[in-house]
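# here is a sequence with its predicted model. Questions after.
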Amino acid sequence: MKKVIYFLMAGILACQFMVTNVLADVELINPDDVAEKGNEYLRYAFGISDTTYAPLKNDSAKKQFVVTDGDKESLYFPYVTDHLEYKNQNKVTTCDDFDKTFFNSISLSMIIVGVYYAAGGTDEQISNISTWMSDDKFSDYDKYGIIIETKDFEYKEENSSCSGNYLEYLKLSFDKEKIQNVIKDFGSIKNPNYVDNDKEKFTPSISFGTTSDDYITIAADIFDIYDSEEAMNCNIYKSESEDGEYKLIGTVACDGSNYLYDKDVVKGKKYFYKASVVGSNKLSDVYSATAVTAKSTPSDNPDTGMSMAYVLGALILVLTFATAIVFNRDKIEVK
């Protein structure tokens, strides 16, 4: 019996020695560097000049990344020597549940970005890599050191609805060679099959200028909190009833100051309008105006302030890499 125990212990020690030797031959990315680079990216994305702002921290003693909210620690992501593994433990049944998981995804995206920067990736390379992340080629963990699994979610109730997908599982290697394989193979060119859905994140609002018996003037605005460098135009659609068929009547700059003149009107008649960003199928709410010679302030129009979709969408775009790789939250609507 003693011999059996001896051989078992010897085998365990031999295996442990082999694993230790294997890891000793692998150059690992330092988690401290991951946290530092993740924070640098976050400060850059938000335009924060305070270099002490660092919500992502590495607790090397406990082997975990810690995300702080001010002075309060809010999220913890443990890791082992050579990789981080995350499994979503939250039951996602409501929009509130979805939001909690969504912020987990944002925090993990900071870690992912930090790993690629710590491995020597440039802004352009990481941007290109993000377009490949949904490709099947990234299923080879032994070569590329990353596995990402997302889960679709949709919830509807009387006052709000949300849909999209969230991070269900992540395995991220700290093996520098594997991460550099990604940079080498996918950092130089964008995925030709990648569809940029950024325009779907914009929902225009409509306002009306001077109206008369003969025309109605319509402007569209997208509240460009996304800081898009691309000048966008909006399509304007019109219907003679709120629930009727909407037909395209023209295009106008989405800046809120240029107007489209709708001259196909009848004095005293009320018309209904919707707008969408050119290149997007996402329509605005319904706005209405009446053809009368007066300054029109249409009634029954929705609030044109920023909705929760804008606020959450902006946060996603701040972490552009995460948007393409980890999760999709741009389809959320709060009505």
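Sure, I can see it.
# and the strands in the stretch 101-250 of the chain?
Taking DSSP state E, counting those that start in this stretch as the criterion, the stretch 101-250 of the chain carries its strands at 146-156, 160-173, 205-211, 216-221, 233-239, 247-253.
# who wins for proximity to Asn104 among the ones you listed?
The stretch from those with the least distance to Asn104 (CB to CB) is strand 160-173; that distance is 6.7 Å. C-beta coordinates here come from the backbone N, C-alpha and C atoms, glycine included.
# okay, the angle between that closest one and strand 146-156?
Orientation check (axes from the mean of the first three to the mean of the last three CA atoms, to 10 degrees): strand 160-173 against strand 146-156 gives 170 degrees.
# pLDDT (mean, whole number) over strand 160-173?
Mean pLDDT, strand 160-173: 81.
# same question for stretch 96-108.
Mean per-residue pLDDT for stretch 96-108: 83.
# equivalent analysis for stretch 27-41, please.
What stretch 27-41 shows for mean pLDDT is 94.
# with adjacent residues omitted, what lies nearest to Asn165?
Leaving aside its sequence neighbours, Asn165 sits nearest to Thr150 (CB to CB, 6 or more residues apart in numbering; 4.3 Å).
# cool, and Ala220?
Using CB to CB, 6+ apart and skipping residues adjacent in sequence, the residue nearest Ala220 is Cys234, 3.7 Å away.
# how about Arg43?
Distance criterion CB to CB, 6+ apart; nearest residue to Arg43, sequence neighbours excluded, is Tyr53 at 5.8 Å.
# number of nearby residues for that neighbour?
Tyr53 has 11 neighbouring residues, counting by other CB atoms under 10 Å.
# hmm, back to that, roughly how far apart are the residue nearest to Ala220 and Asp264?
Per CB to CB, to the nearest Å, Cys234 is found 19 Å from Asp264.
# still on that earlier bit, surely the residue nearest to Arg43 touches Asn39?
Yes - the pair Tyr53 and Asn39 qualifies as a contact (CB atoms under 8 Å) at a distance of 7.2 Å.
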